[in-house]
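**Student:** predicted model and sequence follow; I will ask about them next.
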Amino acid sequence: MDYTMQDRANLIVQACKNSKSTNPYEIFKEVASKDFIRIHGPEHHVLDGACILTAYYNAGGKIDLEESLQKLMHQGLLMPGAVCGLWGVCGAVMSVGAGLAIIDGTGPLSTDGSWGNHMKFTSKALEKLAEINGPRCCKRDAYLSFKTAVEFINENYNVTLEVPNIKCEFSPYNEQCIGKRCPFHQ
């Protein structure tokens, strides 16, 4: 089937709402295996943050999941594809950062500390991506974002997300897979 980005985003939100997992990687793996998720693409700018919001909610986080996923979908759809190579910032990290901002109600004028904390998260996650280098891999970048986000959330929020044990199942479908240079390659 030929999906539009809006179709993909709506299907991501619906799939996440059906999950009960507190492990963002498990949610991601389930959703990313669907035919509406490509190996690479801007749908990850919705998917990655949606997995964090869903895991957070399922772990007892106090958010309205439906409203939060709708906000994330709106923000994720604003992020163009290929920003990792063209702008120097990965959409997976931006998506997860958007999820954190939604959890905290953070905006550009926030002075409660959340603005700076989210910048610390994104800079740490981007550093991990940069250490591995390119070419881009939307799956690897999501995994690194999840590992960093779970650590951040478990340290800073009153919930505990499952620490993901990640083994990539998508490498056979990625023509640019970096193989053993990837910490998730099996």
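**Tutor:** Cool, the structure landed.
**Student:** need the helix or strand of this protein with the lowest average pLDDT.
**Tutor:** helix 83-86 (a mean of 93; mean pLDDT, DSSP states H and E).
**Student:** residues contacting the helix or strand where Ala125 lies, please?
**Tutor:** Secondary structure assignment for Ala125, by DSSP states H and E: helix 114-132. Where contact means CB atoms under 8 Å, 6 or more residues apart in numbering, the residues beyond helix 114-132 that reach it are 84, 89-90, 93-94, 96-97, 100-101, 104-106, 108, 140-141, 144-145, 147-149, 152, 156, 178, 181-183. Where C-beta positions appear, they are placed from N, C-alpha and C, glycine not excepted.
**Student:** ok, Ala142 touching His45?
**Tutor:** No - using CB atoms under 8 Å, Ala142 makes no contact with His45, being 10.3 Å away.
**Student:** now do Phe152: how many residues are near it, please.
**Tutor:** 21 (other CB atoms under 10 Å).
**Student:** list the contacts for the residue nearest to the spatial centre of the chain?
**Tutor:** By CA atoms, centre = their mean, the mean C-alpha position of the chain lies nearest to Asp48, the distance being 2.1 Å. Residues in contact with Asp48 (CB under 8 Å, 6+ apart) are 28, 91-92, 95-96, 99, 142, 145-146.
**Student:** cheers, nothing more for now.
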